[in-house]
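need a structure here:
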Amino acid sequence: MFERFSSGYYLGELYVEPHDGERAVIRRADHEHVNEQLYADGEGVERLDAPLVMKVGGGHIPVGGDDDVPSGTLAVPHEIADESLPDRRNVLLADADRAETLLRWEGWEPHVNA
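Residues are numbered from 1 along each chain as shown. Presented below is the predicted three-dimensional model:
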């Protein structure tokens with residue numbers, strides 16, 4: 001789904017569409033798979049529900065998992081969707097270190113058990 005793009009990002013192509021939810025989401029199984037493959041360090045118990053951080057257009061957004069989203073789709077809240085959606089888009093996925101930094105700026109603690 002994603003390939004290494006730079007030292008801080010992976011690149012993938014997703015169908016991006018607006019939805020009525022309050023946060024951006026991808027299919028839960030895809031979310032867990034990407035989380036496990038790209039964010040887990042292999043040491044101990046890993047959180048597979050930690051938000052992914054994607055860059056769509058000019059901004060970073062935390063992305064959760066949802067069973068109601070089709071595989072290969074990123075559903076974004078209407079308030080951050082633009083008039084060109086729905087559309088296939090290149091999406092940057094922050095690697096684990098960059099994602100942790102971006103999430104901390106927003107007040108999320110990645111290593112705290114929920």
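
Need the contact partners of the top strand by length along the chain.
With DSSP state E applied, the strand covering the greatest number of residues in the chain is identified as strand 9-19. Applying C-beta atoms under 8 Å, 6 or more residues apart in numbering, the set of residues contacting strand 9-19 from outside is 1-5, 25-26, 38, 55-56, 69-70, 72-78, 81, 85-95, 98. For the C-beta atoms, the positions are set from N, CA and C on the backbone; glycine is no exception.

Could you identify the helix or strand that succeeds it?
On the C-terminal side of strand 9-19, the nearest following helix or strand under DSSP states H and E is strand 24-27.

any idea of the mean pLDDT in the helix or strand just after that following strand?
Where DSSP H and E defines the elements, the next helix or strand beyond strand 24-27 is helix 28-34. Taken as a whole, helix 28-34 has a mean pLDDT of 92.

The helix or strand just after helix 28-34 to strand 9-19, inter-axis angle?
With elements assigned by DSSP H and E, the helix or strand that comes after helix 28-34 is strand 52-56. Angle between the axes of strand 52-56 and strand 9-19 is 80 degrees (criterion: axes from the mean of the first three to the mean of the last three C-alpha atoms, to 10 degrees).

What lies in contact with strand 52-56?
Where contact means C-beta under 8 Å, 6+ apart, the residues beyond strand 52-56 that reach it are 9, 16, 24, 26, 31, 34-35, 39, 60-63, 74, 76, 89, 91-94, 98-99, 102-103.

Sounds good, over and out.
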